[in-house]
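S.K.: 3D, please:
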Amino acid sequence: MKNIILLIFMFISSMNISFADSLNKKVKMQTYEGYHRESCFHAKENDKLHVLFHSPHQIGFGIHWHTGGVYNTKTHNLVPYQEYYDSQEHSYSVTIPEDSTYCFDFTNLNEIKKVSSFEISLSYTLNQPKNSD
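M.R.: Just a heads-up that it's a prediction; the model follows:
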């Protein structure tokens, strides 16, 4: 059995296919105006990032990274911050410019009095580029 698994792994490794990391999560938000939340991940240069999110309330969204790591003061926008006033799904596909930690940026745009919190549905896939061997 170990030999079969090893052969399958060697076959897959020799093919020019891309590998993907995927994540589906809920980002819990507080209901006061201006509440800000980040969800971060690591990516490598030339990875392809595909993002889909949905919020039942008005939010601001962007993706950024910090040169030299999370605590460096130089911040760069991968997807510029935008405000969304609808409850539709939104998606982005971008190429990662450099190895770093990237952060999804969410901001509640207005106070919500009927509930104490709400959740944003966030899904993303990170595809590594195919080898050119």
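S.K.: Check the contact between residue 63 and residue 50; I expect there is one.
M.R.: No. Using C-beta atoms under 8 Å, residue 63 is not in contact with residue 50, being 11.8 Å away. Heads up, the C-betas are built off the backbone N, CA and C, glycines and all.
S.K.: With neighbour numbers in mind, choose between those two.
M.R.: residue 63 (22 against 15; other C-beta atoms under 10 Å).
S.K.: From residue 21, how far out is the more buried one?
M.R.: 16 Å (C-beta to C-beta, to the nearest Å).
S.K.: What of residue 118?
M.R.: As for residue 118, its distance to residue 21 is 26 Å (criterion: C-beta to C-beta).
S.K.: rewinding a little: and for residue 63 and residue 50, which residues touch both?
M.R.: Here residue 63 and residue 50 share the contacting residues residue 92, scored by C-beta atoms under 8 Å, 6 or more residues apart in numbering.
S.K.: check contacts around residue 24.
M.R.: Contacts for residue 24 were tallied using C-beta under 8 Å, 6+ apart; they are 121, 122, 123.
S.K.: Would you mind writing the ChimeraX command to select the buried ones in these?
M.R.: The buried residues among the contacts of residue 24 can be selected in ChimeraX (16 or more other C-beta atoms under 10 Å) with this line:
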select :122
